[in-house]
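A.B. asks: Quick one, structure for this:
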Amino acid sequence: MKRIKFLALGFSLLFGTICITASAQHLKKESPALVILDTDMGNDIDDVMAIDILYKYADQKRAKVLGIMNNKSSAYSTRLIDMLNTWYGYGSVPIGRIEDGVHIDDYVDYSRNMVEMNQDSMRYRYSVKNHAALPEAHILYRKLLAAQKDQSVTIISIGFSTNLARLLQTEADQYSKLSGRELVQKKVKLLSLMAGSFGEKKRAEFNVIHDIPSAQFLFANWPGQIVVSPFEIGKKVIYPGKNIETDYQWARHHPLVDSYKRYRPYPYDRPTWDLTSVFYVFNPNSPVWQKSALGKITIDDKGFMFYEEGKQGKHVILGLPDNQVDALKDALIQLLKTPTVKRQQ
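C.D. replies: Numbers count the residues shown, from 1 in each chain. A predicted model of the protein is given here:
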């Protein structure tokens with residue numbers, strides 16, 4: 001396998017944590033990023049953690065969340081997303097559902113566990129009155145993108161590629177005369193995506209193998225830049241499960257804490273895969289990152305990803321040096337433990 005060459009970012013790795021802080025202070029002065037998150041909520045706990053830090057950036061006025069798309073075929077997933085939106089104080093953020101998408105029966109669905117717990121306790125509120133009436137995600141994408149300025153939207157994908165592949169294949173409608181691909185090309189400036197594997201021990205990664213045709217279509221047809229945070233990064237950065245008991249005492253009830261304890265027998269530590277793609281959007285020049293040269297990613301029929309360097313390519317792969325693992329972990333923990341501004345009381 002050809003080894004990926006990473007480019008220097010022009011920062012000293014020695015001052016990683018300092019630079020992260022300085023970068024955050026600088027970005028606070030800029031207009032908030034317009035973000036749509038696409039998540040397979042309920043498969044792994046890192047989706048809840050990713051939404052948590054996204055809404056922390058919204059609290060800081062660094063993000064405006066345009067919508068949350070669900071790409072796991074489960075009615076419980078959209079209900080948990082609604083529960084999270086409401087608790088964090090963003091209940092008006094629209095949610096897109098998926099029909100005939102990926103559903104995994106042999107996986108612990110903590111979104112179901114959370115919804116069933118909430119039926120008895122009424123611990124958390126909902127904002128959506130009829131979850132079955134939520135729009136399909138690829139249609140909601142068209143509505144949201146058509147209303148934004150050109151090259152202004154960032155999409156963060158932390159699950160399956162089904163919704164994005166469907167978006168690319170949409171035709172003109174009441175929201176835009178453009179095709180899906182044309183709409184993406186006009187409105188989206190970046191796709192930050194957690195998927196794939198490029199390590200020494202290459203693997204067919206979870207987010208790819210459960211809908212290989214959609215992932216193949218996405219990488220072959222997405223008209224703009226894709227920045228990939230592969231399996232190896234999140235696997236290096238391990239969230240310490242013991243922090244669940246100590247870092248959230250500022251809230252009487254916290255949906256991240258409750259979700260974490262309903263995913264696996266507690267206590268347990270967990271990789272931070274999905275969080276890394278969110279963090280990158282708001283810290284693209286942080287010294288924690290290495291970046292490949294521009295190139296093209298292709299996916300074979302078994303779900304393995306392959307990268308070929310080329311200036312005409314639009315795909316970038318992130319890397320994480322070993323001496324920056326602690327800096328990234330500390331930055332994520334700090335975000336997660338920060339009290340939310342608008343939370344449900």
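A.B. asks: going forward, measure contacts between C-alpha atoms and count neighbours the same way
C.D. replies: Noted.
A.B. asks: so what's Glu309 up against?
C.D. replies: Contacts for Glu309 (C-alpha atoms under 8 Å, 6 or more residues apart in numbering) come out as 293-296.
A.B. asks: Which residues does it form beta bridges with?
C.D. replies: Gly295 (DSSP bridges).
A.B. asks: That one and Thr298: what is the separation?
C.D. replies: Distance, Glu309 to Thr298, by C-alpha to C-alpha, to the nearest Å: 12 Å.
A.B. asks: sorry, back to before: filter the contacts of Glu309 to the buried ones?
C.D. replies: Among these, the ones that count as buried by 16 or more other C-alpha atoms under 10 Å are 293-296.
A.B. asks: Pipe those into a markdown table and attach pLDDT and distance to Asn130 per row.
C.D. replies: Conversion of the buried ones among the contacts of Glu309 to a markdown table gives the following (pLDDT from 0 to 100; distance: C-alpha to C-alpha, whole Å):
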| residue | pLDDT | distance to Asn130 |
| --- | --- | --- |
| Ala293 | 98 | 46 |
| Leu294 | 98 | 44 |
| Gly295 | 98 | 44 |
| Lys296 | 98 | 42 |
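A.B. asks: Closest to Arg264 out of those residues?
C.D. replies: Lys296 (36.9 Å; C-alpha to C-alpha).
A.B. asks: and the residue of the chain positioned farthest from its centre, backbone torsions?
C.D. replies: Here the centre of the chain is the reference, and by C-alpha atoms, centre = their mean the most remote residue is Asp120, at 29.9 Å. Dihedral angles of Asp120 (phi, psi; degrees, to the nearest 10) stand at phi -90, psi -40.
A.B. asks: Tell me how far it lies from Asp82.
C.D. replies: Taken as C-alpha to C-alpha, the span from Asp120 to Asp82 is 17 Å.
A.B. asks: And Ile156, by the same measure?
C.D. replies: 18 Å.
A.B. asks: go on, His254?
C.D. replies: 14 Å.
A.B. asks: again with Pro287
C.D. replies: 35 Å.
A.B. asks: where does the nearest residue to Trp87 once chain neighbours are set aside land in three-state SS?
C.D. replies: Nearest residue to Trp87, sequence neighbours excluded (C-alpha to C-alpha, 6 or more residues apart in numbering): Gln344, at 4.6 Å. Classification of Gln344 using DSSP: H, G, I helix; E, B strand; the rest coil returns coil.
A.B. asks: And Asn130, how far from Leu294?
C.D. replies: Counting by C-alpha to C-alpha, the gap from Asn130 to Leu294 is 44 Å.
A.B. asks: now the helices for the stretch 51-200 of the chain?
C.D. replies: For the stretch 51-200 of the chain, the helices defined by DSSP state H, counting those that start in this stretch cover 75-87, 110-121, 137-146, 162-168, 180-187.
A.B. asks: out of the ones you listed, which comes closest to Tyr239?
C.D. replies: helix 110-121 (17.9 Å).
A.B. asks: Any chance you could list what contacts the closest one?
C.D. replies: 41-43, 45, 76-77, 79-80, 124, 258-259, 262-263.
A.B. asks: Touching, Leu140 and Gly96? I think so.
C.D. replies: Yes: contact criterion C-alpha atoms under 8 Å: Leu140 and Gly96 qualify, at 6.1 Å.
A.B. asks: May I have the beta-bridge partners of the residue positioned nearest the centre of the chain?
C.D. replies: Central residue of the chain (C-alpha atoms, centre = their mean): Ile158, 3.8 Å from the mean position. For Ile158, the beta-bridge partners are Thr39 (DSSP bridges).
A.B. asks: What score does it have for pLDDT?
C.D. replies: As predicted, Ile158 sits at a pLDDT of 99.
A.B. asks: ok, now which ones touch it?
C.D. replies: 37-40, 47, 193-195, 207, 274, 277.
A.B. asks: Also Tyr260?
C.D. replies: Taking C-alpha under 8 Å, 6+ apart, one finds 45, 244, 266 in contact with Tyr260.
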